[in-house]
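S.K.: sequence plus the predicted model coming up.
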Amino acid sequence: MTTTSKQVNGASIPPPRSGYRLVVFVSRVRELGLLAVLLLLVIIVGVQVPQFFTLSNMVQILLSVSILAIVAIGETLVVLTRNVDLSVGSIVGFSAFVAANLFKQHPGANLLFGILLGCILGLMLGMLNGLIVSWGRVPAIVATLGTLYVFRGLDFLYAGGNQVSASDVPDSFLSLATVPLLGIPLLIWFAALLALIFGYWLHASRTGRQLYAIGSNPEAARLVGIRSDLLVFGAFAISGVLSGFAGVLWGARFATVDATAASGLELQVVAAVVVGGVNIFGGSGRMLGAMLGAIVLATIDNSLSFLRVSQFWLQAIDGAAILIAVTLDALITRWVQRLLITRRQR
Amino acid sequence: MKQLRKLLSSWSWEALLVVLLLLTLVLGNSLSPYFFTPFNFSLMVESFMEIAIMALSMTLIIIAGEIDLSVASTLGLASVMMGITWNAGIPLWLDIIIALATGGVAGLFNGLLVTRLGLPSLVVTLGTLALYRGLAYVILGSQAVSNFPAAYSNFGIGDVPGTLIPWTLVMFVILALLCIVLLHRSWIGRQIYAIGNNKEAARFAGIRVNRIKLWLFVLSGVLAALAGIVFTARISSARADNAVGFELFVITVVLLGGVNIFGGQGSLVGVILALFVVGGLRNALGLANVSGDVQNIVVGMLLIFSVLGPNVVQRIRTVISRRRLASGSSKRV
C-alpha cells in the first residue's frame, strides 16, 4: 500500500512527509485565518468608529498586547509540554505590587534592580510550580490551581490592603512602559524581542524541539533520552520569570496597583495561546500563532470600549474564544486524520 | 492480624482525615474562645453548604476520570438567574426551577463538548468557567438583587425549629445519602468507577461511557445551580460575582477526601470528612480575623499536598525498597 501511495503522491514526497506537510499547511492556514479575523475585526470597528484607527489607539492596543504576549510566551512553552500554568495571573499581580511598592518606599532605587526583583520573584514562584509538577508528579492543572490562590494570598498578605498609585512612584518607573525608542514605546520592543528570541529558540534549538517531543509523546520522549522532568521544570521556571517581568511592566503601565492586580489574566493568556493554535494536548503550535492570538484578544478587548459594548463581555469572550479554538482544533484534527487515512487507502 | 492490617491500610486515608479534623478542632479552639460553641458550629456548617453540595457531583465526575472547573461560575449564573427572574415578578418557585434548568443546560453544554467532540473536560470547563461567569456579568452587570422574600432568605440562614440544625444541612444530608447510594450501592456507581479506571475497557464491557459522563455533567450543573440557590438565599443577594473562585474549595475538598485525580478511586465518606476539615479550618481562620484571600493560601496548599503527599510517600518508598534490593544483592555478591 505504501508503494502505491508513493506513486500517487510523486516520488519526491514519501507518505509520512506528506502527512507532516499537510499538518504544517493546516497550521499555516489557521494562522492566516486568524489574521483574516483580525483584519475583519479592525475594519468593522474602524468603519464604525474612525478614532479606532488613530496612531495613539494602535499604540494603546500594542501596549496591552505586549504584557499579554510576554506572559503568553511562557505559557506557550508550558502548554507545548502538555501542561498548563494557571498561576500566571497571580505571579504578574504579585510582581507588579512588589515592584511598584519598591519604588514607593525607595523612590531612588535603581530601575534595573526593580526589574530584577520582579524577575527573581517570578523565577522562584515558577520554579516552585515546576518542582511540584515535575518532581512531585502533581497534574499541572491541580498544582497551578493551588498556587494561583497561594500566590494571590501571599500578595494580599504582603500588600495588606495597601495600594500604590501613580503619584507614589517616580516617573522613571512609569517611563518603563511609555518611553519611546525609535518612536515605539519600550514595552512593545521588550515583547517583540522576547517573542523573536523564544520563537527562534523554540523552532531551531535542540531544547526547543525536545519540548515539542515531550508534549507529543511523553513516554517516547523519555525513551529516547530526553530529560523531561528537567525541561518541564524549566518551562515552568521560564513562565515564572516572564510573568514576573510582565508584572513589573504591568506596574509601570497601570501605575495604580493593589493586591487584586491582574487577577483573571490567566484565562486571557490561555485563550491567547489556544486561539493561536498551540494544541492544548501539547506537541504542536508555533510562537507566531500564540502572538497572533494575543493580538486578536487584546484587539477585541480594545474594540469593546470603542463600540461602547460593556466591559462585562470581556470574560465571556475569553471563554468563548477558548471553546471555539479547541472545538475547531478537534474538528480539523479529525478532518486531517480522515484525509490521511483515505490517502493511504488509495 | 493480616485482615486487621488490610482494614487499616484501606482506611488509612480516612484515619488521616480524622486526625486532620481533630487538629482543626484543636486549632480552632486555640484561635478563638467562640469556636467550640453550638452556635458557631451551626454557622460554620451553614457557611459551607454550597461547597458541600458541589463536592458531591465533583466527586462523581472526578472518579469517572473527568473534572468540572466551571461549577463556581455555574453557581454565579444560577444566582443571577434567580435575581433577574425575581425582579421580573416571576413567582419564587418558578425562579428556582429556571435557575436549576440554567444549571442543567450549562452542564449539558459541558457534557456535549466533552462526549461528542472528545475534548478534554479540563479545557472545556476552563473555557466555560470564563464563559458562564462572563454571561453572569453580561446579564446583571455590577448590580445586586437583594429584595428576596423573607421565606427564601430564611431557608438560607434558618434552622430546624427548636434546634441549631440548619435547613440547608438537612437538604445536604438527603442529597449526600442519595449520592452515596448512587455511587457505592448501585450499578451506576460501579460503572462510574469502571469508567474512571479504564475507559476503553469499560466501553468494551458494554458500559455506555459517554451517556454516563453526559449525565454526570448535567448533574454537576444542576447541583451547582442548587448551590447557587442556597448561596443566594444565605447572603440574601444575587450578584454576578457570587462565589468567585469556589472551584478551589470544591476540588480541594474532593482531592483531600482521597479521590484520585486520575479517576477510579475514592469514596464519598472521605470527601465528607474532608469537607469538615476545610470548612472548620476556614471558620477557625475567619474567627482569628484572617481575611478570605489569605485563607486561600492554606486551602491552596491543602489542595497541592493532598496530591503531592501520597506521591512523595510513594517515591520515598520506592527509593527505600530499591536501596534494600541493591544492598541485598551486593551482600550476596
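M.R.: It's in.

S.K.: and A:Thr144, how far from A:Phe254?
M.R.: 24 Å (Cβ to Cβ, to the nearest Å). Where you see a C-beta, it was placed from the backbone N, CA and C, and this is true even at glycine.

S.K.: for these two, indicate the residue with more neighbours.
M.R.: Using other Cβ atoms under 10 Å in any protein chain shown, the more surrounded residue of A:Thr144 and A:Phe254 is A:Thr144, with 27 against 16.

S.K.: tell me which element the closest residue to B:Leu21 other than its chain neighbours falls in.
M.R.: In this structure, B:Leu21 finds its nearest non-sequential neighbour in B:Val277, 5.2 Å apart by Cβ to Cβ, 6 or more residues apart in numbering or on different chains. Assigned by DSSP states H and E, B:Val277 belongs to helix B:268-287.

S.K.: now do the strands in chain A.
M.R.: A:180-181, A:184-185 (DSSP state E).

S.K.: one step back: and the helix or strand that the helix holding B:Val277 is followed by, what does it pack against?
M.R.: The element immediately downstream of helix B:268-287 (helix or strand, assigned by DSSP H and E) is helix B:292-332. Judged by 3 or more Cβ pairs under 8 Å, 6 or more residues apart in numbering or on different chains; DSSP states H and E, helix B:292-332 is in contact with helix A:140-159, helix B:246-256, helix B:268-287.

S.K.: what about the first one, near chain B?
M.R.: This means helix A:140-159. Yes - Helix A:140-159 is in contact with chain B by Cβ under 8 Å from any Cβ of the partner chain, via A:141-143, A:145-150, A:152-154, A:156-157.

S.K.: what residues are up against the most centrally placed residue in chain B?
M.R.: Nearest residue to the geometric centre of chain B (Cα atoms, centre = their mean): B:Ala55, 2.0 Å. B:Ala55 is in contact with B:250, B:253-254, B:257, B:271, B:275, counting by Cβ atoms under 8 Å, 6 or more residues apart in numbering or on different chains.

S.K.: ok, of the strands of chain A, where does mean pLDDT dip lowest?
M.R.: Of all those, strand A:180-181 carries the lowest average pLDDT, namely a mean of 76.

S.K.: stretch B:136-150: which residues count as buried?
M.R.: For stretch B:136-150, the neighbour count (16 or more other Cβ atoms under 10 Å in any protein chain shown) marks B:136-140, B:144-145, B:148 as buried.

S.K.: list of residues touching stretch B:203-222?
M.R.: So stretch B:203-222 is in contact with B:54, B:57-58, B:60-61, B:64, B:66, B:68, B:71, B:74, B:100, B:103-108, B:110-112, B:114-116, B:121, B:188, B:191-192, B:194-195, B:199, B:202, going by Cβ under 8 Å, 6+ apart.

S.K.: ah, wrong one, I meant stretch B:116-126
M.R.: A:84, A:141, A:267, A:270, A:274, A:280-281, A:322-323, A:326-327, A:330-331, B:61, B:66-70, B:110, B:113-114, B:210, B:217.

S.K.: list the contacts of A:Ala221.
M.R.: A:210, A:213-214, A:228.

S.K.: could you do A:Gly234 as well?
M.R.: So A:Gly234 contacts A:130, A:207 (Cβ under 8 Å, 6+ apart).

S.K.: picking up where we left off before, now the helices and strands packed on helix B:292-332 as TSV including mean pLDDT and distance to A:Ala204?
M.R.: Formatted as TSV, those follow (pLDDT from 0 to 100; distance: least, Cβ to Cβ, whole Å):
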stretch	mean pLDDT	distance to A:Ala204
helix A:140-159	92	26
helix B:246-256	93	39
helix B:268-287	92	48
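
S.K.: most tightly surrounded among those?
M.R.: Highest mean neighbour count among the helices and strands packed on helix B:292-332 (mean count of other Cβ atoms under 10 Å in any protein chain shown): helix B:246-256, with a mean of 27.

S.K.: what packs against that one?
M.R.: helix A:140-159, helix B:49-63, helix B:71-87, helix B:268-287, helix B:292-332.

S.K.: would you turn these into a markdown table with distance to A:Leu186?
M.R.: As requested, the helices and strands packed on helix B:246-256 are exported to a markdown table (distance: least, Cβ to Cβ, whole Å):
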| stretch | distance to A:Leu186 |
| --- | --- |
| helix A:140-159 | 25 |
| helix B:49-63 | 46 |
| helix B:71-87 | 37 |
| helix B:268-287 | 43 |
| helix B:292-332 | 33 |
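
S.K.: closest to B:Val230 out of those helices?
M.R.: helix B:49-63 (5.0 Å; Cβ to Cβ).

S.K.: quick revisit: so what's the residue nearest to the centre of chain B closest to, chain neighbours aside?
M.R.: Using Cβ to Cβ, 6+ apart, the closest residue to B:Ala55 is B:Val253 (4.7 Å).

S.K.: the one you found against B:Val271, yeah?
M.R.: Yes - applying Cβ atoms under 8 Å, one finds B:Val253 in contact with B:Val271, separated by 6.2 Å.

S.K.: which of the contacts of A:Ala221 ranks first by neighbour count?
M.R.: Going by other Cβ under 10 Å, A:Ile214 tops those with 26 neighbours.

S.K.: settle this for me: it is touching A:Leu231, isn't it.
M.R.: Yes - with contacts counted by Cβ under 8 Å, A:Ile214 reaches A:Leu231, the gap being 6.1 Å.
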